[in-house]
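# Provided below for reference: sequence and predicted model.
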Amino acid sequence: MGIESVNRVCEDFKNNKKEITIGQKIKGHFVLTRPLQLIWFDIFASLAVFAIVAQHFPNAHYLFFMLAAITADAGACTLNDFGDLSCDSNSTESSRKLRPLPAGIISKRAAVTQAAMLYTIGLLITLYLGYYIFIAAFLLVMLSIQYSLKPLKMDGRPVVSQLFWVTFGLMYYLAVVAYLIKYEHVAMQNIYNGLYFLMTMVIFAGLAETLAKDLRDLENDRTGGKITTPVYFGVKPAVVGSFVFSMTGMIFWAIPFFTVWKTHGLIQFFIILIFILWSILCLGLCWSLFKKYSKINARKLHQGYILTFTYILAITFFAGVT
């Protein structure tokens with residue numbers, strides 16, 4: 001869909017703003033939380049970290065931690081859409097320009113109120129779980145606010161955006177570890193061994209995947225005035241960085257399953273399979289982007305990261321509980 005078509009659709013929608021129903025508003029509030037991201041990261045990542053450190057299936061009480069993570073991250077996602085309102089309004093993608101805020105389905109005040117409520121619920125749950133868990137969660141919330149809003153607005157700064165996700169991954173891991181120490185009494189050796197997976201999270205998802213996301217959003221960010229890493233340094237350095245970090249993260253993920261942890265042979269087979277398939281796909285897409293930037297290939301690369309990381313989380317979880 002071209003920019004003219006996108007603008008036409010958005011103008012038609014805004015001209016009919018009076019026809020917005022309560023159902024549409026409810027759906028708009030739900031969309032602001034980015035439910036797929038909550039499933040992909042907060043549920044899968046929480047389960048994977050627990051399983052690989054505790055080496056058994058999570059108990060029912062851990063649902064409180066997962067609920068805190070989901071609600072707080074839903075608040076962060078809502079606030080991020082609020083912070084990206086100007087950029088999304090000028091986007092050439094209908095999926096972004098027709099998001100609840102730029103489309104006028106949800107007001108800015110309603111979005112901020114939703115974010116504040118979700119943040120508060122998440123923090124209250126962590127306070128119930130324990131002080132150290134609350135401290136880690138509070139720092140994560142403060143960090144996520146500065147990611148989306150001024151004065152720092154980290155998602156619009158070169159390199160800083162990637163460093164945010166590295167820090168976020170570290171704090172998230174520490175929050176899970178704080179829970180495991182209090183309620184599961186895990187051995188310190190298990191926590192040290194879990195650092196391999198932490199490195200996978202911060203390098204593969206925190207560095208490589210976010211560079212791919214910025215490559216995908218390159219045109220939108222330029223239009224909206226966001227100076228991300230690819231905008232500042234150029235496409236080629238960002239592509240090379242994404243590929244190098246991707247392979248590094250995969251190595252940190254794969255090696256412990258053959259050296260540190262006692263892993264079933266079938267799981268090792270799937271680890272090798274994912275490693276090989278992703279290496280081929282990532283190399284091909286990165287090489288194409290290195291030669292000539294294409295938004296289509298950038299989108300494929302970013303989607304490939306999301307799907308691959310989902311496989312990584314799932315395999316890590318099953319490896320931990322078996």
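Noted; the coordinates are in hand.
# all helices of the stretch 1-150 of the chain, in order?
Along the stretch 1-150 of the chain, the segments classed as helices by DSSP state H, counting those that start in this stretch run 3-15, 22-32, 35-37, 44-54, 62-83, 85-89, 94-97, 108-129, 131-148.
# Please identify which of the ones you listed is closest to Ile315.
Taking CB to CB, helix 44-54 is the member of the helices of the stretch 1-150 of the chain nearest to Ile315, at 8.6 Å. Heads up, the C-betas are built off the backbone N, CA and C, glycines and all.
# quick one: the closest one to helix 62-83, angle?
Between the axes of helix 44-54 and helix 62-83, defined by axes from the mean of the first three to the mean of the last three CA atoms, to 10 degrees, the angle is 140 degrees.
# Show me what helix 44-54 is in contact with.
57-58, 62, 65-66, 69, 172-173, 176-177, 180, 184, 186, 190-191, 193-194, 197, 201, 261, 310, 312-314, 316-321 (CB atoms under 8 Å, 6 or more residues apart in numbering).
# same thing but 6 Å
Residues outside helix 44-54 that contact it (CB atoms under 6 Å, 6 or more residues apart in numbering): 58, 66, 69, 176, 180, 184, 186, 190, 194, 197, 313, 316-317, 320-321.
# Equivalent analysis for stretch 301-321, please.
Under CB under 6 Å, 6+ apart, the answer for stretch 301-321 is 40, 44-45, 47-48, 51-52, 55, 57, 205, 209, 212-213, 216, 253, 263, 267, 270, 274, 278, 281, 285.
# do stretch 204-217 as well
162, 165-166, 169, 228-230, 238, 241-242, 245-246, 249, 298-299, 301-302, 305, 309.
# What subset of the residues you listed is buried?
Buried subset of those (neighbour count, 16 or more other CB atoms under 10 Å): 162, 165-166, 169, 228-230, 238, 241-242, 245-246, 249, 298-299, 301-302, 305, 309.
# got a list of what Asn193 touches?
Asn193 neighbours (CB under 6 Å, 6+ apart): Val260.
# distance of it from Ala319?
According to CB to CB, to the nearest Å, Asn193 stands 12 Å off from Ala319.
# and what of Leu170?
Counting by CB to CB, the gap from Leu170 to Ala319 is 22 Å.
# between the two, who's got more neighbours?
Ala319 (23 against 15; other CB atoms under 10 Å).
# Quick check: mean pLDDT of whichever strand or helix holds that one?
Element membership of Ala319, judged by DSSP states H and E, is helix 295-321. Mean per-residue pLDDT for helix 295-321: 95.
# cool, stretch 196-208 as well?
Here the average pLDDT along stretch 196-208 is 96.
# What of stretch 38-48?
The model assigns stretch 38-48 a mean pLDDT of 89.
# Now it: buried residues?
Neighbour counts over stretch 38-48 (16+ other CB under 10 Å) mark 38, 40-42, 44-48 as buried.
# Now tabulate these in a markdown table and tack on distance to Ser144.
Converted to a markdown table, the buried residues of stretch 38-48 look like this (distance: CB to CB, whole Å):
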| residue | distance to Ser144 |
| --- | --- |
| Leu38 | 13 |
| Trp40 | 16 |
| Phe41 | 12 |
| Asp42 | 12 |
| Phe44 | 19 |
| Ala45 | 15 |
| Ser46 | 16 |
| Leu47 | 21 |
| Ala48 | 21 |
